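K.L.:
Give me a 3D structure for the following:
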Amino acid sequence: MHIVHVQIRVLPEAVEDFKRACLANAQASLREPGIRRFDVLQSQEDPTRFQLVEVYNAPGDQAAHRLTAHYAAWSQAVAPMMAEPRSALKFNNVFPPDGAW
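P.N.:
Numbering: from 1, shown residues only. Model prediction:
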């Protein structure tokens with residue numbers, strides 16, 4: 001598996017619009033064959049901080065995700081909402097071994 005945690009901080013006035021854009025992207029993303037999970041998380045301490053947890057079968061599935069129309073729409077919509085550039089960390093699954101949780 002290929003797991004990506006994307007860290008995002010948005011402008012305070014954009015929080016609700018960002019959540020709506022992420023919901024549309026996440027729902028469409030879950031219909032992609034290579035995606036196992038797509039979580040949108042919001043910090044309890046700072047509502048402008050979000051984390052996307054994306055779980056793919058393989059790195060190529062992330063590349064395919066970035067070519068979809070819904071990813072392009074999301075990326076364009078949220079670009080002006082960012083308070084700082086987003087960052088990502090990539091992980092391999094250790095446990096459970098089959099990725100079932």
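K.L.:
what about the one helix or strand residue 4 maps to, distance to the chain center?
P.N.:
For residue 4, the host element (DSSP states H and E) is strand 2-9. In terms of C-alpha atoms, centre = their mean, to the nearest Å, the centre of strand 2-9 is found 6 Å from the chain centre.
K.L.:
for the following helix or strand past that strand, packing partners?
P.N.:
Later in the chain than strand 2-9, the nearest helix or strand by DSSP H and E is helix 15-29. For helix 15-29, the contact count by 3 or more C-beta pairs under 8 Å, 6 or more residues apart in numbering; DSSP states H and E identifies strand 35-42, strand 49-56, helix 69-78 as packing neighbours. Glycine gets a C-beta too; all of them are placed from N, C-alpha and C.
K.L.:
between these, which gets nearest to residue 21?
P.N.:
helix 69-78 (4.6 Å; C-beta to C-beta).
K.L.:
what about the protein, any weak spots by pLDDT?
P.N.:
98-101 (pLDDT under 70).
K.L.:
80 instead?
P.N.:
96-101 (pLDDT under 80).
K.L.:
Identify the residues contacting the residue nearest to residue 59 when sequence neighbours are not counted.
P.N.:
Excluding its sequence neighbours, the residue lying closest to residue 59 (C-beta to C-beta, 6 or more residues apart in numbering) is residue 2, at 4.7 Å. Counting by C-beta atoms under 8 Å, 6 or more residues apart in numbering, residue 2 touches 55-59, 61-62, 90, 92.
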